[in-house]
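Peer 1: Pasting the sequence and the predicted coordinates here, then a few questions.
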Amino acid sequence: MKIGTCVNFFSMDGIAEKLAILKENGFDSCQLVSWNPAVWTDENAVILKKLLTQYGITVSAFWCGYEGPIVWDFYDGQQTLGLVPVEYRQMRIQNLCAGADFAHKLGVSDVVSHMGFIPENPYDPNFNSFCIAIRTVAQHLKKNGQFLLFETGQETPVTLLRTFEVVGTDNLGINLDTANLILYGKANPVDALDVFGKYVRNLHAKDGRYPTNGHDLGEETRIGEGKVDFKALFVRLHELGYDSYVTIEREISGKQQLIDVLGSREYLQNIINEVYN
């Protein structure tokens, strides 16, 4: 099981330095997180692929953002995130397909995104049209031999499972964000594995606390300071046969981010060694 972290790819400026820092700190994998479709060019793919080879970094997944407004709360988030809002849907279908094509040029098979606050009511008219949109993206990725991964958080585990059943393609998977299920108040990540564990293909190791009001997400924390029981989580993942990438995500910036990421790696490695060996 390889532990990596996230690398923000907004432009080519500074990307070599970011990969060098990974290398210097003993990482050999990352998720490449990109919210700027303008950089998904053939030329950049060639340059970036050479840099990844130069620094010995494997991209475990391409985290694909999209255009249009995004608000991370329980109110405006309903109207702005993912493929759920109809007014942004067609544009974001194109964004996800374009991002997947860029990832394919890098040799990356897993494409991750937040799909939005999926309606929990299967009779909601927006649910079926949302599933059709997801099927369109998934079928495009299938031509590339790629998987479309839902990052957990904005939907309950049962809603996510139902979506997979309705969409019906065999290239859907889950990027389990261990904190998001808590931050959004949707589930405990350990118990959620009983619902959708077989679909987990990648993992955001992140910690946090439950919401304390009905408008704002819970607070993200350093790993080990929130509500995620990582020992129980890895025990369950081991039972499910998961032995793939673990990607540390710390949603702060500056020097403290790297300090926290390195501390999290040690914390997680000790647990993984205990559970898997």
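Peer 2: The structure has been received and is ready for your questions.
Peer 1: Let me see the contact set for Asn128.
Peer 2: Contacts for Asn128 (C-beta atoms under 8 Å, 6 or more residues apart in numbering) come out as Val166. Every residue, glycine included, has its C-beta placed from N, CA and C.
Peer 1: any idea how far Leu181 is from it?
Peer 2: Taking C-beta to C-beta, to the nearest Å as the measure, Asn128 falls 25 Å from Leu181.
Peer 1: same question, Trp63
Peer 2: According to C-beta to C-beta, Trp63 stands 17 Å off from Leu181.
Peer 1: got it, and Phe10?
Peer 2: Distance, Phe10 to Leu181, by C-beta to C-beta: 27 Å.
Peer 1: between the two, which one's more packed in?
Peer 2: Taking other C-beta atoms under 10 Å, Phe10 and Leu181 do not tie; Leu181 has more neighbours (26 against 14).
Peer 1: Next secondary structure element downstream of the host helix or strand of the more buried one?
Peer 2: Element membership of Leu181 [criterion: DSSP states H and E] is helix 180-183. Next helix or strand after helix 180-183 toward the C-terminus (DSSP H and E): helix 189-196.
Peer 1: now for that next one, which elements pack on it?
Peer 2: helix 157-167, strand 172-177, helix 180-183, helix 230-239 (3 or more C-beta pairs under 8 Å, 6 or more residues apart in numbering; DSSP states H and E).
Peer 1: where does the first one sit relative to the chain's centre, distance-wise?
Peer 2: Here the centre of helix 157-167 is set off from its chain's centre by 17 Å, with C-alpha atoms, centre = their mean, to the nearest Å.
Peer 1: buried ones in it?
Peer 2: For helix 157-167, the neighbour count (16 or more other C-beta atoms under 10 Å) marks 157, 159-164, 167 as buried.
Peer 1: quick one: which of those residues is nearest Leu148?
Peer 2: Val167 (9.1 Å; C-beta to C-beta).
Peer 1: what pLDDT does that closest one get?
Peer 2: With respect to pLDDT, Val167 scores 98.
Peer 1: Would you mark the buried spots in stretch 20-36?
Peer 2: Within stretch 20-36, the residues that count as buried by 16+ other C-beta under 10 Å are 22, 27, 29-35.
Peer 1: Figure out how far stretch 82-95 is from the centre of its chain.
Peer 2: Distance, stretch centre to chain centre, for stretch 82-95: 18 Å (C-alpha atoms, centre = their mean).
Peer 1: Give me the contacts around that stretch.
Peer 2: Contact with stretch 82-95 is made by 37, 64-69, 78-80, 96, 113-119, 126, 129-130, 133-134, 136-137, 154, as judged by C-beta under 8 Å, 6+ apart.
Peer 1: Quick one, which of those are buried?
Peer 2: Neighbour counting by 16+ other C-beta under 10 Å classes 37, 64-66, 80, 96, 113-119, 130, 133-134, 136-137, 154 among these as buried.
Peer 1: low-confidence ranges in the stretch 51-200 of the chain?
Peer 2: The model of the stretch 51-200 of the chain has no residue with pLDDT under 70.
Peer 1: And the strands in it, which stretches?
Peer 2: Taking DSSP state E, counting those that start in this stretch as the test, the strands found in the stretch 51-200 of the chain are 58-64, 110-113, 147-151, 172-177, 200-205.
Peer 1: want to throw those strands into JSON lines with distance to Leu217?
Peer 2: Shown next, in JSON lines, are the strands of the stretch 51-200 of the chain (distance: least, C-beta to C-beta, whole Å):
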{"stretch": "strand 58-64", "distance to Leu217": "18"}
{"stretch": "strand 110-113", "distance to Leu217": "18"}
{"stretch": "strand 147-151", "distance to Leu217": "14"}
{"stretch": "strand 172-177", "distance to Leu217": "12"}
{"stretch": "strand 200-205", "distance to Leu217": "15"}
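Peer 1: ok, back up a step: please identify which of the buried residues of helix 157-167 is nearest to Lys105.
Peer 2: Distances from Lys105 to the buried residues of helix 157-167, taken by C-beta to C-beta, are shortest for Val167, at 25.4 Å.
Peer 1: Thank you, goodbye.
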